[in-house]
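Student: next come a sequence and a model predicted from it.
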Amino acid sequence: MSEAGGELGSSERYAALRLKLVFYFERRSCNCPEDLADECLYRVFVYQKKQELPTTLERFTFGFALNVYREWLRDSSRFAQSADDVADRVSTPAGDLSRMVAEISVNQMDPLDRELMEQYYVDGRSADSLAAEWGLSSEGIRSRIFRKRRLLMNAILAQKKAAGETNQASGSIHG
Amino acid sequence: MNAGQSEEGRLIRYLLGEALPEAEQSALEERYFTDDLYFDKLIAAEDDLIDRHVRGTLPERDRAGFETAFLASVRRREKWEAQRAIAAFFRARVKTKVEAETQKPVRHDGFGAACGHFLRSLFPGTRFLLAAAALFLIAGAAALTREYFVVRGQAAALQSRVVSLEDKPVRLPAVSTFFLQTARLKSDSGGSVLAISPDARWVVLRCPLPASAANAPWFATQLTTADGEEIWKQNRLTANESIVEIGLPASALKHGDYVLSLTAEGGTRPIPLPSYQFRIDR
C-alpha cells in the first residue's frame, strides 16, 4: 500500500511509482513513456523540495502526470526518444533471447516447475487442466507460472541490460 | 477477449487501448496509482495478455489491438519478446529431449543390460512378482541340482559295486538236475543212476505227472531209502506244465538207492501216484 504523504525514499516505492507512470503514458500512446515518467518524477521531486505535498505521493504524482501528458501533446518533440534508442532496445531477436534464457538459471529451477512450464508452454495446457492433474487450485497454478515467468523475464532483461543492449535504464518488471 | 464489465475485462480493455469513458479511465488510473494491489492486478493482466498472444490463445478481435496499440510500447515489446523467448526455450528443450529419445541409437549392452532396461520399464508390482518367481526358480534349480548330485553319487556307488562284482568270479551254487521217470531211473546223463558232481550243493529232481493227476492243485512228496528210511518230505508242491520239481540239498543224498513217492492232494482224498526209484552215485 502507498504511504500517506512521504517522499520518494525507498527504491521499491520509486520503481513502483515510475512503472505506474509508464503504464499511464503507454495507455495514451506516448512515444516515450519512460522519459515522460522520469520527467514527471523529477518535477515531483523538485516540488517536494520546495513544499510539503498536499496529498499522498501517489495521488499527487497522478495529478502531475496529467500535466506532463498535456505538455507532451502540445510539443512531443521535447520528450521524444531518438529512433536509435528504440531500435537498440527492440532489436534483439527471439533466438538470442532464447539462448539467454538457456544460459540463466532454468536448469536450477525446481524440476516440478520445469515440468509445469513445459506442459504450459509446449503442450498448451490450461491452468485449469494443470490444476486438476497436479491437485492444486487454478489460482495456485497461475500464480506459480506467473512467478516463474517473472523471474525468467527479469533475468532476460537484466542480461540484456548487462550486455549493453539497453541504452537506457528501464527498471525491472515490477510485480 | 470478452471485456465485459468484469474488473479483469476492464483492465484488458485499458491495456489494449480500447476506448473507455473518460471518467472510467481516470478512476481506473487513479486507483492503480493509489492502490498497489490493484496495480499488481494490472501487471498480472498485462502478463496474461502477452502470454495468451505468445501461446496463440488470444481471440482474433483482441489480436489486432494487441499487435498495434499494445506492442507500440517498447517496454511491452521487450516483455513480449522475453515471454516469447521463454516459450521458445521450453519448446526447444522438449523437442531436443524428444529427438534425443527417438534418435538414441540402439545400444547393444548385452543380455544383462537389456534385462536391466526391461525390468526398469516394468511397474514395481510386476518387478516384485518377477523377482519372487526368479527366487522360486533359483531355489528349485538349487534343490534339483542337489538331488542330481545325490543320485549321481548313489549311481556311482552302485556302478562301482557292479564293477567289483563283475571283477570277481561268479560263484553260483552248483546244481545237479535230474529228470525222473516212473519205475526207472533216468538222470540228465541217462540211466537210473544219478551221478551227483562233487561240488554240487543242490539237487533238483523233476518228476513228470501222469495225465490223470495233471489238474491236482498240489502234491506231496516223500523220499525214502530202499530200506524205507525217510530222507525228505515236502507238502504243498505245485506242478508247472505237468512237472513237479523237487529241490533238496545235495548233502541229503548219500550214496545208495532211493524211492521218491508222490501223492496228488487237494481232492476229496489223496491219490498215490507211481513212485520213482533211483540210485545215487557219489
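Tutor: It's in.
Student: which positions in the stretch 51-200 of chain B make contact with chain A?
Tutor: B:51, B:55-57, B:69, B:72-79, B:81-94 (CB under 8 Å from any CB of the partner chain). For every residue, glycine as well, the C-beta is placed using N, CA and C.
Student: would you list every one of the helices in the stretch 51-200 of chain B?
Tutor: B:60-68, B:74-102, B:110-121, B:124-167 (DSSP state H, counting those that start in this stretch).
Student: okay, the ones you listed in TSV with distance to A:S11 and mean pLDDT next?
Tutor: Shown next, in TSV, are those (distance: least, CB to CB, whole Å; pLDDT from 0 to 100):
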stretch	distance to A:S11	mean pLDDT
helix B:60-68	31	89
helix B:74-102	18	83
helix B:110-121	53	65
helix B:124-167	53	77
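Student: winner for burial among these?
Tutor: Mean neighbour count (mean count of other CB atoms under 10 Å in any protein chain shown) peaks for helix B:74-102 among the helices of the stretch 51-200 of chain B, with a mean of 18.
Student: gap between that one and the chain center?
Tutor: Per CA atoms, centre = their mean, to the nearest Å, the displacement of helix B:74-102 from the mean C-alpha position of its chain is 56 Å.
Student: list the buried residues of stretch A:117-128.
Tutor: A:117-122, A:125, A:127 (16 or more other CB atoms under 10 Å in any protein chain shown).
Student: so which of those belong to helices?
Tutor: A:117-121, A:127 (DSSP state H).
Student: out of those, which touch chain B?
Tutor: Checking these against chain B (CB under 8 Å from any CB), the matches are A:117-118, A:121.
Student: show me which of the residues you listed is closest to chain B.
Tutor: Distance to chain B across these (CB to the nearest CB) is lowest for A:Y121, with 4.3 Å.
Student: list the contacts of that closest one.
Tutor: Counting by CB atoms under 8 Å, 6 or more residues apart in numbering or on different chains, A:Y121 makes contact with B:55, B:86-87, B:90-91.
Student: now B:L223: phi and psi?
Tutor: Backbone torsions of B:L223, given as degrees, to the nearest 10, read phi -110, psi 120.
Student: show me what contacts it?
Tutor: Contacts for B:L223 (CB under 8 Å, 6+ apart) come out as B:230-233, B:246, B:248, B:258-261.
Student: which of those residues count as buried?
Tutor: Among those, those buried by neighbour count (16+ other CB under 10 Å) are B:231-232, B:246, B:248, B:258-260.
Student: among those residues, which pair sits farthest apart?
Tutor: B:L248 and B:V259 (14.3 Å; CB to CB).
Student: would you say B:L205 is within a strand?
Tutor: Yes. Under DSSP: H, G, I helix; E, B strand; the rest coil, B:L205 sits within a strand.
Student: quick one: which helix or strand includes the closest residue to it other than its chain neighbours?
Tutor: Spatial nearest neighbour of B:L205, chain neighbours left out: B:I246 (4.6 Å); criterion: CB to CB, 6 or more residues apart in numbering or on different chains. Per DSSP states H and E: B:I246 is located in strand B:243-249.
Student: report the buried residues of that strand.
Tutor: Buried, per 16+ other CB under 10 Å, within strand B:243-249: B:244, B:246, B:248.
Student: mind giving me the packing neighbours of it?
Tutor: When contacts are defined as 3 or more CB pairs under 8 Å, 6 or more residues apart in numbering or on different chains; DSSP states H and E, strand B:243-249 packs onto strand B:202-208, strand B:218-225, strand B:230-237.
Student: make TSV from these and add mean pLDDT and distance to A:E26 to it.
Tutor: Compiled in TSV, the helices and strands packed on strand B:243-249 are given as follows (pLDDT from 0 to 100; distance: least, CB to CB, whole Å):
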stretch	mean pLDDT	distance to A:E26
strand B:202-208	85	132
strand B:218-225	89	133
strand B:230-237	85	132
